[in-house]
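A.B. asks: Got a predicted model here, sequence first, then my questions.
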Amino acid sequence: MVFSKEESLVYGFKLSSVGPGKVSGTDVVHELSSMDLAMKLHYLRGVYFFDSQAVQGLTIHHIKETMFTWFNEYYHTCGRFRRSDGGRPYIKCNDCGARFIEAQCDRTIDEWLGMKDWSSLQNLLVSQQVIGPELSFSPPVLLQITYFKCGGLAFGLSWAHVLGDAFSAIDFINRWGQIMALYQPNAPPPNTELENFENSPGIAKELPLSLKRVDPVGDHWITPNNSKMELFSFTITPSQITHFQMKVMGPIFESLCAIIWKSIATIRQDGSEPKTVSICKNDHKKHKSGKLSNSLTISTVKTDISVPDADPNKLAKFLVDQAIDETTQIKEAVEKDQGVSDFVVYGANLTFVDFQEADLYGLEFQGHKPIFASYTIQGVGDKGVVLVLPGPPIGSGKNGGDGILVTVILPEGEILELKSELRKNDLLLENTIE
C-alpha cells in the first residue's frame, strides 16, 4: 500500500504516450507462446538512477524522438491484448503506444537511496499498473522519468512479463540506450524477430511442481494472494561473497540460495517449511540478444530433510545436482487448456531467480552508466521469491564493488524475522542498504 506520506515524495505526474514512428502494418498480430502465457500474471519493474552529469542537456524532446525509432524495432510492445474466439490471448499490433510518465521529487538521489526501506518505495518511481480489466486499453509497457532535486533522474520500466523475461526486458531497454548514443533513424535494426508460437508436442498428465493454477482472473491479469507481500533489498560485497563461499562450497548462486533457503525455512516452522523450491535461470541456448521471449529454464528441487537443521553445503548440493527441469511440462500444462487458464510461477514455491548474467548496467545516458539499478517482480505468489542480480559497479557510489544485489519478496511479517536470520549468517550487515 502507498501511504499519503510516501505519495508526497513523488508528485507532479504528467502522462503522455510514445510509440513507433511508422505504421507497423494492417492486421498484424503477435501470437503468444506457452511460456508467455504461463507468465502473464507477472510483471517486471526496473528502476535506473542516473546522476546529473549523465542527463545534462538531455531533453524530453530528444528522449521521445529516440523512442519513436526504438519502438519501430519493437512495435508489438506498443500493441494491445485481444482474445481469440477460443479465449487465447494475443497481441494486436495496432501501434497504440507505451504510456510515458514524468514526475518530480524534492529529494536528491543520495537522499532517496539513503532512506530506510528505500526498496519498498521504488513503486513510486515505476508504474504499478497491470493488464486489465479492459485489455484493449492496457499498455504492456509503461515508462517513467522522475527528476530529482540534484539534477539526476530515475528511469522506470514497467514490463508485462508476457512480453518476455528479464533478459529480454533488459536487452530491450539497453537497445534504447544504443539508439540514443548513435541516433540513426535509417540505420538497420538488430535482430528483433518475434518468438514463433509453437504448440507443445505433448499434453501434461499432471501439473508440474513449479506451476500453480489459480482461479480464473478474466481480463484483469493480477495474481490473487492470500497474503500482503513485502519487499526488501540488500547488497552483498565481494568480501562477503568470499566469506560465505568458504562456508558453503559451491557456485555463488546456489551457495547464496542455500543460506537464504535455510533462513526462510527457520522462520516457517509452523507447517509451511519450504521443502520444495523453484529455480529460474537464463537459458543460454534460447536467449538471443534483441529477441524478446520467455526463455527461462524453470526447475524444482524437492527434499524430505529438515531444512532448518540442514547443512547449507548439503542444500547447495541439492540445488546443483537435484534440480529437475520442468520447462517442457509447463508448456504442456498451458497448452492442455489451449492457453486460457491462469497460472503463477514466481511464488508457486519459494522461488530463486538468477539474473546475475543480465546486462543490468548496459543502459547508458550520454556515455554514463546508472549509479544504481534494480529489478523487482510484481504478482509474486504467497511462497515468495528471491532475486539475485548484479550489484552496482565499482565507482558507482552506491555500496559499489561488483557485488550482488538481492531482492526478497515475502508475505507480510516474515521480512523482519528473515533479516535477523540473515545477520546471523553474515549476509546482512548493519550498514547494508535495506
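C.D. replies: Arrived safely.

A.B. asks: if I look at Gly339, how far off is Ser16?
C.D. replies: 33 Å (C-beta to C-beta, to the nearest Å). From N, CA and C alone the C-beta is placed, and that goes for glycine too.

A.B. asks: okay, those two: which has more neighbours?
C.D. replies: Gly339 (24 against 11; other C-beta atoms under 10 Å).

A.B. asks: Now do the same contact list for that one.
C.D. replies: Gly339 sits next to 32, 34, 37, 87-89 when contact means C-beta atoms under 8 Å, 6 or more residues apart in numbering.

A.B. asks: do the same with Gly46
C.D. replies: Taking C-beta under 8 Å, 6+ apart as the test, what Gly46 contacts is 126, 156-157, 159, 169-170, 173, 373-375.

A.B. asks: Where do the strands of the stretch 251-400 of the chain begin and end?
C.D. replies: 276-282, 296-302, 324-325, 342-344, 350-354, 372-378, 385-390 (DSSP state E, counting those that start in this stretch).

A.B. asks: from memory Ile377 sits against Leu41, does it?
C.D. replies: No. Using C-beta atoms under 8 Å, Ile377 is not in contact with Leu41, being 10.7 Å away.

A.B. asks: Neighbour count: the two, which is higher?
C.D. replies: More neighbours surround Leu41 than the other of Ile377 and Leu41, with 27 against 23 (other C-beta under 10 Å).

A.B. asks: Now name the helix or strand holding that one.
C.D. replies: Assigned by DSSP states H and E, Leu41 belongs to no helix or strand.

A.B. asks: any idea how far it lies from Thr351?
C.D. replies: Distance from Leu41 to Thr351, by C-beta to C-beta: 14 Å.

A.B. asks: Arg175 too?
C.D. replies: From Arg175 to Thr351 the distance is 28 Å (C-beta to C-beta).

A.B. asks: Looking at those two, which has the bigger crowd around it?
C.D. replies: Thr351 (26 against 20).

A.B. asks: My guess is that one contacts Lys383. True?
C.D. replies: Yes. Between Thr351 and Lys383 a contact is recorded at 7.0 Å, counting by C-beta under 8 Å.

A.B. asks: quick revisit: closest to Ser119 among the contacts of Gly339?
C.D. replies: Nearest to Ser119 among those: Leu37, at 29.6 Å, using C-beta to C-beta.

A.B. asks: Let's verify the closest one: helix, strand, or coil?
C.D. replies: helix (DSSP: H, G, I helix; E, B strand; the rest coil).

A.B. asks: What residues does it make contact with?
C.D. replies: Residues in contact with Leu37 (C-beta under 8 Å, 6+ apart) are 88-89, 162, 334, 339.

A.B. asks: Neighbour-wise, give me the winner out of those residues.
C.D. replies: Val334 (26 neighbours).

A.B. asks: do you know how far that residue is from Pro133?
C.D. replies: 22 Å.

A.B. asks: Same check on Asp311?
C.D. replies: 49 Å.

A.B. asks: Can you report phi and psi for Asn72?
C.D. replies: Backbone torsions for Asn72, taken as degrees, to the nearest 10, come to phi -60, psi -40.

A.B. asks: Report the spatially closest residue to it, excluding sequence-adjacent ones.
C.D. replies: Pro20 (4.9 Å; C-beta to C-beta, 6 or more residues apart in numbering).

A.B. asks: Pull the number of nearby residues for the one you found.
C.D. replies: Count around Pro20 with other C-beta under 10 Å applied: 23.

A.B. asks: can I assume it is in contact with Phe71?
C.D. replies: Yes. Between Pro20 and Phe71 there is a contact under C-beta under 8 Å: 4.3 Å.

A.B. asks: joint contacts of those two?
C.D. replies: The contact lists of Pro20 and Phe71 share 78, 97, where a contact means C-beta under 8 Å, 6+ apart.

A.B. asks: can I assume Met35 is in contact with Asn294?
C.D. replies: Yes. Between Met35 and Asn294 there is a contact under C-beta under 8 Å: 4.0 Å.

A.B. asks: Compute the first-to-last residue distance for stretch 26-35.
C.D. replies: Across stretch 26-35, the terminal residues are separated by 27 Å (C-alpha to C-alpha, to the nearest Å).

A.B. asks: Would you mind confirming that Lys331 makes contact with Leu32?
C.D. replies: No. The pair Lys331 and Leu32 does not pass the contact test of C-beta under 8 Å, sitting 12.0 Å apart.
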